[in-house]
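*Asks:* Fold the following and give me the result.
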Amino acid sequence: QVQLVESGGGLVQAGGSLRLSCAASGGSFSSYVMGWFRQAPGKEREFVTACAWSGGNRVYAESVKGRFTISRDNAKNTVYLQMNSLKPEDTAVYYCAAAVFRGWPIPRAGNEYVYWGQGTQVTVSS
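*Replies:* Here you go, the predicted model:
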């Protein structure tokens with residue numbers, strides 16, 4: 001059973017930065033596509049970003065492109081989300097997820113991901 005544990009959320013002012021981490025255990029981390037999703041109050045969960053097992057292929061939602069960067073360290077079984085130039089509309093619970101998938105395109109749909117973390121709150125004040 002794969003377990004994903006997010007950390008690094010918090011309160012930050014608009015324009016600030018945060019780095020989220022997601023530590024994986026119990027599975028073959030390097031074979032998974034790793035993604036980040038978020039859900040704001042009263043809204044549906046939305047795709048943020050994901051990267052392939054090598055970390056080389058990455059996709060981003062248009063709303064975060066140029067501000068957020070996903071990376072992974074397979075030796076540490078950890079995926080990161082560096083968030084810069086944060087905006088109040090980035091406020092949400094951020095979830096890490098893993099998909100058993102190889103190929104292209106990298107999946108963006110939540111139902112393609114089989115393992116999920118418990119989420120970490122990110123709040124951006126104006």
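
*Asks:* Residue 63 - how many residues pack around it?
*Replies:* Using other Cβ atoms under 10 Å, the number of residues around residue 63 comes to 14. Bear in mind the C-beta positions are built from the backbone N, C-alpha and C, glycine included.

*Asks:* For it, give its distance to residue 46.
*Replies:* The gap separating residue 63 from residue 46 is 8 Å, by Cβ to Cβ, to the nearest Å.

*Asks:* swap in residue 97?
*Replies:* Relative to residue 46, and taking Cβ to Cβ, residue 97 is found at 12 Å.

*Asks:* can you check residue 10 too?
*Replies:* If you go by Cβ to Cβ, the gap between residue 10 and residue 46 works out to 20 Å.

*Asks:* one step back: neighbour-wise, which of residue 97 and residue 46 wins?
*Replies:* A direct count of neighbours by other Cβ under 10 Å for residue 97 and residue 46 places residue 97 higher, at 24 against 15.

*Asks:* From the contact counts, what lies against the strand or helix carrying the more buried one?
*Replies:* According to DSSP states H and E, residue 97 maps onto strand 92-100. Counting contacts by 3 or more Cβ pairs under 8 Å, 6 or more residues apart in numbering; DSSP states H and E, strand 92-100 packs against strand 3-7, strand 18-25, strand 32-39, strand 115-116, strand 120-125.

*Asks:* Apply 10 Å and report the result again.
*Replies:* Here strand 92-100 touches strand 3-7, strand 18-25, strand 32-39, strand 46-51, strand 78-83, strand 115-116, strand 120-125, going by 3 or more Cβ pairs under 10 Å, 6 or more residues apart in numbering; DSSP states H and E.

*Asks:* neighbouring strands for the next helix or strand after the first one, and are they parallel or not?
*Replies:* The C-terminal neighbour of strand 3-7 among helices and strands, as given by DSSP H and E, is strand 10-13. Each strand paired with strand 10-13, and its direction, by DSSP bridges: strand 120-125 (parallel).
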